[in-house]
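1. turn this into a model:
(one chain, ligands or ions: 1)
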Amino acid sequence: MNTTLTLIVYTSILCLFLYSFLRRRRSVRLPPGPRPWPIVGNLLQLGPKPHQSMAALARVYGPLMHLKMGFVNVVVAASAGVAEQFLKVHDANFSNRPPNAGAEYVAYNYQDMVFAPYGPRWRLLRKICAVHVFSAKALDDFRHVRQEEVGILTRALASAGQTPARLGQMLNVCATNAIARVMLGRRVVGHRHGGGDEKAEEFKAMVVELMVLGGVFNIGDFIPPLQGFDLQGVIAKLKKLHKRFDAFLSGILEEHKINGSQGSNGYQDLLSMLISLNDDSDGAGGKLTDTEIKALLLNLFAAGTDTTSSTVEWAIAELIRHPDILAQAQQELDSVVGRDRHVLESDLPQLHFLQAVVKENFRLHPSTPLSLPRMADESCEINGYFIPKGSTLLVNVWAIARDPDLWSNPLEFQPARFLPGGERPVVDVKGNDFELIPFGAGRRVCAGMSLGIRMVQLLIATLIHAFDFDLADGQLAETLSMEEAYGLTLQRAEPLMVHPKPRLAPHVYQT
Ligand code: HEM
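-> Below you'll find the predicted structure:
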């Protein structure tokens, strides 16, 4: 009897032990993912368009996937539900960005806002921008600036004549000057027929290079012992690029200190305000160093120009490919705005179909397809999987917005899905609806979202209201390439070349 009892007790203890061991093992399971190679892990599986390769891998391994990139654990969110877990439920734990060579060598060693550690300095930078650049009041104060710059763009397009216009380049000049006038009180680049001036071309090239280099999975970021070897030459390029940006930004800063704001209309530009904060001898906690000021300007120029211009370039390409949708949008514009003046920002709330077009374009062409990476401050458990401390989080916003479980005909350009009676009539793009998060979500959601949305809406509305577009070089709408070139921002592989044909009263293009 005694022996039987002892056996039962020991067996029970063993079962309990085994049960708790198995439970623990189950809860420390990493998310599924492809088997990593020694040392490099899955780095070589990413290919030239990592957002697409990761979307394909997610179809095999599921919407929460683990990749080993060198020594770094990377988790990829590829469904709205998983993205919500990371960016809403566990957002506090994922509010930092992982270390990377771009932040070190270009963004003044993390002294900017995009890569700043989540903490008091990041909060201060966001607050300064929120109040002085992105608040509803600041946006309204500088509304005239955006409208004037869009007016300059339409005049340049109207006078393009027989020269094909490189639309993305011209949009970039417009977005850059609109931001420059808010930040510096003056324009920084000019238009030339078919594109921008030399300085504009150089500036866009610098921003595009930054985005391309920012999108490269730099081996040294993932295998730190190899950092010094710079196997892909990325660090050398980043250092060179930094020198060019720094010369541009230092020139602007020094000139501003000497000449002050050249802005008009009585509004103080951001840089003057930042310099005055700097001179503030009581140092009331808001003081920024010259380096922090340059890093912030760099962020706003880099994050706010190419994102906006490439988004609008994609939209015009989609509309050229879908003449029926273009006609419907133009009809709405003609009835709300008429043909005797340009679109104003105050018209935008009445342009419901246009807003659906803008959303559909953000869905198919989010300008940062893998958003910006985040990092796990602490280990945590998501959907039953173990996410180790220090893991890099990538949210595949591109794949989520094409998820066939969420969207009908996900690859089709169908703005009506966002209209009353459509499948998603109330979805917005502001980080509340995780099936469509082109600006990210959570604490580190895009700081310039309000400006980005206004600018993209105004530009698309103005362009299709003011012009019909023929494709240059005999290209046909049906065969227009929609190939993507991967970078931190998603460029068109082939720039859109068009002949704009004015459709408003001639006097509109004079003003
Ligand atoms: C089409 C327009 C734009 C898109 C699609 C876009 C998208 C994004 C995305 C996906 C992020 C990462 C968010 C996250 O980690 O969850 C981001 C961050 C950021 N964006 Fe934008 N952006 C746009 C325009 C702008 C503009 C106009 C500005 C400023 C002039 C701007 C400034 C920033 C900054 C400073 C951050 C970093 C925020 C932080 O780390 O706290 N963006 N953006």
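
2. report the rounded mean pLDDT for the helix or strand where Leu238 lies.
-> Secondary structure from DSSP states H and E places Leu238 in helix 234-259. Taken as a whole, helix 234-259 has an average pLDDT of 92.

3. need phi/psi at Phe386.
-> Main-chain torsions, Phe386, degrees, to the nearest 10: phi -90, psi 130.

4. related to what we said a few turns ago, show me what the helix holding Leu238 is packed against.
-> Under the contact definition 3 or more Cβ pairs under 8 Å, 6 or more residues apart in numbering; DSSP states H and E, helix 234-259 sits against helix 101-105, helix 198-215, helix 270-279, helix 290-321. Where you see a C-beta, it was placed from the backbone N, CA and C, and this is true even at glycine.

5. and if we set it to 6 Å?
-> Judged by 3 or more Cβ pairs under 6 Å, 6 or more residues apart in numbering; DSSP states H and E, the packing partners of helix 234-259 are helix 101-105, helix 198-215, helix 290-321.

6. could I get these as JSON lines with mean pLDDT?
-> Output for the helices and strands packed on helix 234-259, formatted as JSON lines (pLDDT from 0 to 100):
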{"stretch": "helix 101-105", "mean pLDDT": "94"}
{"stretch": "helix 198-215", "mean pLDDT": "79"}
{"stretch": "helix 290-321", "mean pLDDT": "95"}
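
7. among those helices, which is nearest Gln355?
-> Checking these against Gln355 by Cβ to Cβ gives helix 290-321 as the closest, at 12.0 Å.

8. that closest one vs the ligand: in contact?
-> Yes. Helix 290-321 reaches the ligand (Cβ under 6 Å from any ligand atom) through Asn299, Leu300, Ala303, Gly304, Thr307, Thr308, Thr311.

9. between those residues, which sits nearest the ligand?
-> Comparing these against the ligand with Cβ to the nearest ligand atom places Gly304 closest, at 2.6 Å.

10. and the closest one, what does it touch?
-> Neighbouring residues of Gly304 by Cβ atoms under 6 Å, 6 or more residues apart in numbering: Ile179, Gly448.

11. now the residue at minimal distance from the centre of the chain, what's its secondary structure?
-> For the chain, the residue sitting closest to the mean C-alpha position, by Cα atoms, centre = their mean, is Thr368 at 4.0 Å. On the three-state scheme (DSSP: H, G, I helix; E, B strand; the rest coil), Thr368 is labelled coil.

12. residues of the stretch 151-300 of the chain that sit close to the ligand?
-> Residues of the stretch 151-300 of the chain lying close to the ligand (Cβ under 6 Å from any ligand atom) are Ile179, Asn299, Leu300.

13. of all these, which comes closest to Pro420?
-> For those, the nearest to Pro420 is Ile179 (34.5 Å; Cβ to Cβ).

14. settle this for me: Gln227 is touching Asn218, isn't it.
-> No. The pair Gln227 / Asn218 is not scored as a contact, 8.6 Å apart, by Cβ atoms under 6 Å.

15. the more surrounded of those two?
-> More neighbours surround Asn218 than the other of Gln227 and Asn218, with 23 against 16 (other Cβ atoms under 10 Å).

16. now for the more buried one: which residues touch it?
-> Ala101, Val234.

17. then Leu319?
-> Leu319 neighbours (Cβ under 6 Å, 6+ apart): Leu326.

18. mind redoing it with 8 Å?
-> Ile325, Leu326, Ala329, Val357, Ile464 (Cβ atoms under 8 Å, 6 or more residues apart in numbering).

19. and Trp314, by the same measure?
-> Counting by Cβ under 8 Å, 6+ apart, Trp314 touches Asn361, Leu364, His365, Leu490, Arg492.

20. 10 Å instead?
-> Applying Cβ atoms under 10 Å, 6 or more residues apart in numbering to Trp314 gives the contacts 168, 361-362, 364-367, 482, 484, 490-492, 496.

21. one more: Gln111?
-> Contacts of Gln111 by Cβ under 10 Å, 6+ apart are Ala103, Arg121, Leu125, Leu288, Thr289, Thr291, Glu292, Ile293, Lys294, Ala295, Leu296, Leu298.

22. over to Val60?
-> When contacts are counted by Cβ under 10 Å, 6+ apart, Val60 is found next to Pro32, Gly33, Pro34.

23. the second one against Val75, yeah?
-> Yes. Taking contact to mean Cβ atoms under 10 Å, the distance of 8.7 Å between Gly33 and Val75 places them in contact.

24. overlap of the contact sets of these two?
-> Contacts common to Gly33 and Val75, judged by Cβ under 10 Å, 6+ apart, are Leu64, Met65, His66, Leu67.

25. can you lay out those as JSON lines showing distance to the ligand?
-> Formatted as JSON lines, the shared contacts of Gly33 and Val75 follow (distance: Cβ to the nearest ligand atom, whole Å):
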{"residue": "Leu64", "distance to the ligand": "17"}
{"residue": "Met65", "distance to the ligand": "19"}
{"residue": "His66", "distance to the ligand": "20"}
{"residue": "Leu67", "distance to the ligand": "19"}
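
26. could you work out the most separated pair of those residues?
-> Spanning the widest gap among the shared contacts of Gly33 and Val75 are Leu64 and Leu67, at 11.4 Å by Cβ to Cβ.

27. quickly list what's touching both of those two.
-> Residues within reach of Leu64 and of Leu67 at once, by Cβ under 10 Å, 6+ apart, are Pro31, Gly33, Val75, Val76.

28. and the first one, how many residues sit next to it?
-> Looking back up the chat, that one is Pro31. Counted with other Cβ under 10 Å, residues neighbouring Pro31 total 23.

29. and it, that's in a strand?
-> No. Going by three-state DSSP, the assignment for Pro31 is coil, not a strand.

30. thought it was touching Gln85?
-> No. Using Cβ under 10 Å, Pro31 is not in contact with Gln85, being 11.4 Å away.

31. overlap in contacts, the two.
-> Contact criterion Cβ under 10 Å, 6+ apart; residues shared by Pro31 and Gln85: Leu64, Ala77, Ile382, Asn383, Ile387.

32. columns secondary structure, distance to Leu476 and pLDDT on top of these, output as CSV?
-> Shown next, in CSV, are the shared contacts of Pro31 and Gln85 (DSSP: H, G, I helix; E, B strand; the rest coil; distance: Cβ to Cβ, whole Å; pLDDT from 0 to 100):
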residue, secondary structure, distance to Leu476, pLDDT
Leu64, strand, 42, 98
Ala77, strand, 38, 98
Ile382, strand, 47, 98
Asn383, coil, 46, 97
Ile387, strand, 48, 98
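
33. any idea which of these is closest to the ligand?
-> Among the shared contacts of Pro31 and Gln85, Ala77 lies closest to the ligand (Cβ to the nearest ligand atom), at 11.2 Å.

34. the closest one against Leu87, yeah?
-> Yes. Between Ala77 and Leu87 there is a contact at 8.0 Å, judged by Cβ under 10 Å.

35. the more surrounded of these two?
-> Between Ala77 and Leu87, Ala77 has the larger neighbour count (other Cβ under 10 Å), namely 29 against 25.

36. hey, what's that one bridged with?
-> Going by DSSP bridges, Ala77 is paired in beta bridges with Leu64, Val395.

37. list the contacts for it?
-> 31, 58, 63-65, 83-87, 371, 374, 382-383, 393-397, 399-400, 434.

38. quick one, which of the shared contacts of Pro31 and Gln85 are buried?
-> Neighbour-count burial (16 or more other Cβ atoms under 10 Å) applied to the shared contacts of Pro31 and Gln85 gives Leu64, Ala77, Ile382, Ile387.

39. phi, psi of the residue of the stretch 1-150 of the chain found nearest the ligand?
-> In the stretch 1-150 of the chain, the residue that lies nearest the ligand is Val114 (4.1 Å; Cβ to the nearest ligand atom). The phi/psi pair for Val114 (degrees, to the nearest 10) reads phi -60, psi -40.

40. in contact with the closest residue to it other than its chain neighbours, which residues?
-> Closest residue in space to Val114, ignoring its immediate chain neighbours: Asn299 at 5.1 Å, by Cβ to Cβ, 6 or more residues apart in numbering. Counting by Cβ under 10 Å, 6+ apart, Asn299 touches Ala107, Tyr108, Asp112, Met113, Val114, Phe115, Ala116, Leu125, Cys129, Ala447, Gly448.
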